[in-house]
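Novice: The following comprises the amino acid sequence and a computationally predicted model.
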Amino acid sequence: MLKEFRVRNFMNFRDELVFSLQSGKNYEFNNNVIQNGLVKTAAVVGYNASGKSNLGNAILDITNHITDSRNTSVRNGLYTNLDTKDKEAHFSYLFQFDQHSVKYVYDKSDVQTIRREQVWIDGKTVLKKDGEDLLIHLSGAENVNRDNINSNMSLVRYIYANTTLNAEDDDAKIFIKFVEFVKGMLISTS
């Protein structure tokens with residue numbers, strides 16, 4: 001489940017926005033909205049033009065490069081915030097799967113171009129891409145053909161689609177859970 005999301009320099013989010021789904025409150029009125037201390041069902045409300053759709057697009061940006069779907073209205077137009085000189089949007093996701101955590105951080109200059117990305121499982125780096133520099137520490141992905149990975153491609157997507165990860169390895173199992181969770185992310189912006 002998604003535990004925390006951070007975004008900076010994306011559309012109207014110039015400064016870092018932190019969207020936490022950690023429950024610090026008692027939801028006795030509806031126990032179905034909390035699971036393992038995280039809000040699993042929520043609604044974002046606000047005035048027109050207050051940023052609700054941009055928040056949804058920011059959270060779902062991950063699906064645009066890890067999955068085949070395009071769940072966002074963001075296309076090749078405005079992507080980064082116009083009030084900064086920073087040419088990249090910065091995204092950070094923290095997921096929790098049982099007792100395991102997955103942190104996924106990436107930077108993009110537009111909806112399609114990934115500049116950097118890194119995945120940590122339980123605090124240990126398992127994937128990292130910065131330009132042409134690659135680090136891959138997932139059991140079953142050691143011998144992946146690195147020549148086919150281009151600079152705009154998501155390393156997460158490439159590893160998931162082009163390797164047979166070791167189903168007995170804890171990190172590989174958590175990585176697969178992470179990608180499958182992202183594939184199931186949905187949005188309603190109405």
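Specialist: Right, received. Where do you want to start?
Novice: what about this structure, any weak spots by pLDDT?
Specialist: Counting by pLDDT under 70, the chain contains low-confidence ranges at 24-31, 70-77, 186-190.
Novice: quick one: the helices in it?
Specialist: Secondary structure of the chain (DSSP state H): helices located at 52-60, 63-66, 155-162, 170-183.
Novice: what's the second one packed up against?
Specialist: It stands for helix 63-66. Packed against helix 63-66 by the contact rule (3 or more Cβ pairs under 8 Å, 6 or more residues apart in numbering; DSSP states H and E) you find helix 155-162, helix 170-183. C-beta here means a position set from N, CA and C on the backbone, and glycine is covered the same way.
Novice: do the third one as well
Specialist: Of the remaining helices and strands, those touching helix 155-162 by 3+ Cβ pairs under 8 Å, 6+ apart are helix 63-66, strand 114-121, strand 124-130, strand 133-136, helix 170-183.
Novice: looking at these, which is closest to residue 22?
Specialist: Minimum separation from residue 22 across the helices and strands packed on helix 155-162 (Cβ to Cβ) falls at helix 170-183, 16.9 Å.
Novice: What residues sit buried inside that closest one?
Specialist: The neighbour-count criterion (16 or more other Cβ atoms under 10 Å) identifies 171-175, 177-179, 182 as the buried residues of helix 170-183.
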